[in-house]
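Chemist: return atomic coordinates for the entry below.
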Amino acid sequence: MTALKLQNDPAVQKAIDEATAKACEVLDAQFPGWDAGGITSNFQGLLAEVITHMLKGHSVLDGVRGHATMLPRLIVDETFFGCPLIRGDMFLIHKPEKPVYGEPDRVLVLEPGASSFKPIANAGDAFTSFDAAAAAAMKCLEAEQLTLEQAKALQLSVVPVVFDPQSTSDCGFKIVSPPHAA
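Modeler: Have a look, this model is predicted:
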C-alpha cells in the first residue's frame, strides 16, 4: 500500500529539491564554469518540474516522442480529480456509487463545509472554482487517512453543476453534461 502524498506536501517538495540538488551537483562537477552557480541555476528548476510531472504519472516528453510512457501516479494534485480547465461557475465533488438493484441511482456529492457525501438533490451550496473543490477533495482524502490505492478506488471527481430547475426547494443541483475543457 502506498501512502497518500500530496504534491504540496513539504516532505514531497523537500525530496524533489534534494534529488535535483544532488543531480545538479554531479552534473556541475562534469560541466563546470557555465556561471557562478554552475549548471544548477536554471537546470535545477526545470529538473524539479520534470520530476514532479513524473511523480504525477506523466512524462513531459510524450508529446515530443509521439507515444506515451506509462508511469505510476505517486502524488496527488488537482488533476487527480479531473481536468482543471472544465468550464463552470459552480462545482461539487462527485463520488460514484454502485447502484443497488431495485433502488433509483443516487448521485452523491460533497459540498463546501460538509464532512460527508449527500445526494445531489439535497446539496445547497457549491464551490466557486475547480481549484477550491479539488483542494477540499484532497483535504477529505487526508482526513480519511487513505492510502493512494484507496483514494484511487473512491474515484472522486470535481464536476461542474448548475441549479436544478426541477427542484422546488433552495437545494438541488444537477451535473452539467458533458463537461468541456476550456
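Chemist: list the contacts of residue 140.
Modeler: Contact analysis of residue 140 by C-beta atoms under 8 Å, 6 or more residues apart in numbering lists 93, 110, 156. (Glycine included, C-beta is placed from N, CA and C.)
Chemist: okay, it and residue 120: tell me how far apart.
Modeler: According to C-beta to C-beta, to the nearest Å, residue 140 and residue 120 sit 16 Å apart.
Chemist: got it, and residue 12?
Modeler: 33 Å.
Chemist: downstream of the lowest-mean-pLDDT helix or strand in the chain, the next helix or strand is which one?
Modeler: Least confident helix or strand, the chain: helix 62-65 with a mean of 70, by mean pLDDT, DSSP states H and E. Later in the chain than helix 62-65, the nearest helix or strand by DSSP states H and E is strand 91-95.
Chemist: and the helix or strand just after that following strand, what does it pack onto?
Modeler: Moving toward the C-terminus from strand 91-95, the next helix or strand (DSSP H and E) is strand 108-110. Packing partners of strand 108-110 (3 or more C-beta pairs under 8 Å, 6 or more residues apart in numbering; DSSP states H and E): strand 91-95, strand 118-119, helix 130-144.
Chemist: that older thread, dump the least confident helix or strand of the chain to PDB, restricted to CA.
Modeler: Taking Å, rounded to 0.1, in the frame of the first residue of the first chain, the C-alpha atoms of helix 62-65 are listed here in PDB:
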ATOM      1  CA  ASP A  62       5.300  12.200 -24.500                       C
ATOM      2  CA  GLY A  63       4.300  15.000 -27.000                       C
ATOM      3  CA  VAL A  64       7.800  15.100 -28.400                       C
ATOM      4  CA  ARG A  65       8.300  11.300 -28.800                       C
END
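Chemist: SS state for residue 174?
Modeler: Per DSSP: H, G, I helix; E, B strand; the rest coil, the local secondary structure of residue 174 is strand.
Chemist: give me the number of residues near the residue lying closest to it once chain neighbours are set aside?
Modeler: Distances taken as C-beta to C-beta, 6 or more residues apart in numbering place residue 164 nearest to residue 174, at 4.5 Å, with adjacent residues excluded. Counted with other C-beta atoms under 10 Å, residues neighbouring residue 164 total 16.
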